[in-house]
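J.: 3D, please:
(2 chains)
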Amino acid sequence: MNTGSTTPLLQAEGLHTYYGDSHILRGIDLRIEAGETVSLMGRNGMGKTTTLRSLIGLTPPREGRIRIRGREATRLKPHQIIRQGIAFVPEDRGIFPNLSVLENLTMAARSGPDGRDEWTLKRVLELFPRLGQRLTHMGNQLSGGEQQMLTIARALMTNPDLIILDEATEGLAPLIRLEIWVVIRHIKSTGIASIIVDKDINALLPICDRNYIISKGEVVYHGRSRELMENPELHKQYLGV
Amino acid sequence: MHTVTRPIIVFLCLCLLLLLLFPVVGSSFYTGLVTKIMILSIFTISLDLLIGFTGLVSFGHAAFFGIGAYLLAILFGNLEQINYWWSLTLTLSLTGVAALLVGWLCIRTSGVYFIMLTLAFAQMFFYFFFESPHFGGDDGIFMLNKPQITLATRQLVDLDNEHHFYYFVLAWLVGVYLFLSMILRAPFGHVLIAIKANEQRVRALGYSTPHYKLVSFVIAGTIAGLAGFLEAAHTNFVTPAYLGWHESGMAIMMVILGGMGTLFGPVIGTFIVVLLQDFLPEFTEHWKLIMGAIIIFVVLFLPNGIAGLIFSISNRFSSRAPGGREG
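T.: As a prediction, the model looks like this:
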């Protein structure tokens, strides 16, 4: 695991985000280094998705700072943040039902911010052979698992440095979940940093380097996976397991 | 969204063949009528780029049709000889600039606010021409001549010849159709189609959606200007009615009736509406009631319009094969 001595890939300080008058995030601090895998955990409605949306500007924070590779990014628009090498896999899967699988993939294709072009269509289809068999199918003709694979595959087509996965395996069949976790491990092995939100703590903790637990819009715990695994009280208190 | 199947390609080729042969068998009146329908089809296809592919419901698209027509009449209407190349270039450029200015303001809104804003702009243009005596007021403007298509002093097409004009408009219709098919098959078109499905997702993929919507608006406005240019050249006359909300509403109706999100749907919708407008009054003075009933029927029972019905039939004849985006 990297230490904080290097410039973090993404850093958030004191994020306060509102939906109308509702104060959702109350001073979130988090940091992710290049190549690191970090989880964001917490019960439903505690602010995990809002944190992710704030990080990429879809729900901009009213207070606080976001920096990408040390550069100010708080007031940037979502597409400007994403173009700095961040890919977002939303919880509703976010495929485009009126485009084919191939079109969903190719519309996202671009080089990374440093000009890297490692994730080509060929390589993505090698990782997701099932999508290769469905290239001409429309997005709405895919199963839930295939849609999630397509969303992750599309994120990889942007050659990101950081991939943000919201509810990575939510609502998927057990076998499909296993496939998704294999893919996430593969992504980690390629050096792409990840922020993962998922309820499957047993699958999540062994993959992640560090973990954040969010409760009522605040980070209430931050530590390594081993510490969290050895502390069942925290599980009960903040995760309800 | 549909993909092209072989029966659809055959159907489109047959339609094109019919259009190619029509002047040979059709009377002068109906050749003129089909010419008018093809001009309106160019206009409705351009509207479908906004409504059917980008998800922008414009209720003021006729403004650009009217601006295209008025620009030709105002700038060139009094000339003895109108150079087609110059008049077309200037008309389309200025219509494009107008679409850029209107679109730049309108795309900041969405949903019903976008509809109202586009309607408001169109009405502003309408009243500007309607109340300007310099531009003919509510009487409109007559043009002395049609543009002359020459190349090195040699006349290529005689627009005063109704058959020449017919094939000239047909060529433009096919050209616009192919141009829009091409851009909708390109990554740019995929982004537009994705914006219609979910704009926020497209932003989360790193695309500045307002820019894409603006480009779509300008392309659609410029093509509508082309249709206006052709209409003015066809009739040698322009009227403020071209810019009115009624014209925009009719175009929306044609697009919905024919089938949004398909390029041939609006053409079919335009043919049906204009032909019904032409035939129904011969049978009853209450023809608008019948027209309304037909539209209600299509909206209720054919939610994807006539084109949706054609796609359903074609899918029965062919297993779904890999194909390009519907053009």
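J.: contacting residues for the closest residue to A:His186 other than its chain neighbours?
T.: Once flanking residues are discounted, A:His186 sits nearest to A:Leu127: 6.5 Å by C-beta to C-beta, 6 or more residues apart in numbering or on different chains. The C-beta positions use only the backbone N, C-alpha and C, and glycine is treated the same way. The contact partners of A:Leu127, by C-beta atoms under 8 Å, 6 or more residues apart in numbering or on different chains, come to A:Ala153, A:Leu156, A:Val183, A:His186.
J.: Would you tell me which residues of the stretch 101-250 of chain B are close to chain A?
T.: Within the stretch 101-250 of chain B, the positions adjacent to chain A are B:187, B:190-191, B:193-194, B:196-198, B:200-201, B:203-209 by C-beta under 8 Å from any C-beta of the partner chain.
J.: Find the closest residue to chain B in chain A.
T.: Going by C-beta to the nearest C-beta, chain B is nearest to A:Ile82 of chain A, at 3.6 Å.
J.: Can you name the residues in contact with stretch B:279-290?
T.: By C-beta under 8 Å, 6+ apart, the list of residues contacting stretch B:279-290 from outside reads B:Leu276, B:Gln277, B:Met291.
J.: Just the mean pLDDT for the helix or strand where the first one lies, thanks.
T.: In other words, B:Leu276. Element membership for B:Leu276 (DSSP states H and E) is helix B:264-283. Averaging pLDDT along helix B:264-283 gives 93.
J.: Output that helix as PDB, nothing but the C-alphas.
T.: The C-alpha trace of helix B:264-283 is given here as PDB (Å, rounded to 0.1, in the frame of the first residue of the first chain):
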ATOM      1  CA  PHE B 264     -37.500   7.300 -43.000                       C
ATOM      2  CA  GLY B 265     -40.300   7.500 -40.500                       C
ATOM      3  CA  PRO B 266     -40.700  11.300 -40.800                       C
ATOM      4  CA  VAL B 267     -40.700  11.000 -44.600                       C
ATOM      5  CA  ILE B 268     -43.600   8.600 -44.400                       C
ATOM      6  CA  GLY B 269     -45.300  10.800 -41.900                       C
ATOM      7  CA  THR B 270     -44.900  13.800 -44.200                       C
ATOM      8  CA  PHE B 271     -46.300  12.000 -47.200                       C
ATOM      9  CA  ILE B 272     -49.300  10.700 -45.200                       C
ATOM     10  CA  VAL B 273     -50.200  14.000 -43.600                       C
ATOM     11  CA  VAL B 274     -49.900  16.100 -46.800                       C
ATOM     12  CA  LEU B 275     -51.700  13.600 -48.900                       C
ATOM     13  CA  LEU B 276     -54.500  13.300 -46.300                       C
ATOM     14  CA  GLN B 277     -54.700  17.100 -46.300                       C
ATOM     15  CA  ASP B 278     -55.000  17.000 -50.100                       C
ATOM     16  CA  PHE B 279     -57.500  14.100 -50.400                       C
ATOM     17  CA  LEU B 280     -59.700  14.300 -47.300                       C
ATOM     18  CA  PRO B 281     -61.300  17.700 -48.100                       C
ATOM     19  CA  GLU B 282     -62.700  16.200 -51.300                       C
ATOM     20  CA  PHE B 283     -64.900  13.900 -49.200                       C
END
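J.: after that helix comes which helix or strand?
T.: Heading C-terminal from helix B:264-283 (DSSP H and E), you reach helix B:287-301.
J.: Which SSE is immediately downstream of that next one?
T.: helix B:305-317.
J.: buried set for that following helix?
T.: Using 16 or more other C-beta atoms under 10 Å in any protein chain shown as the test for burial, helix B:305-317 gives B:Gly305, B:Ile306, B:Ala307, B:Gly308, B:Ile310, B:Phe311, B:Ser314.
J.: thought the last one was touching B:Ile9?
T.: No - the pair B:Ser314 and B:Ile9 does not pass the contact test of C-beta atoms under 8 Å, sitting 9.3 Å apart.
J.: All set, thanks.
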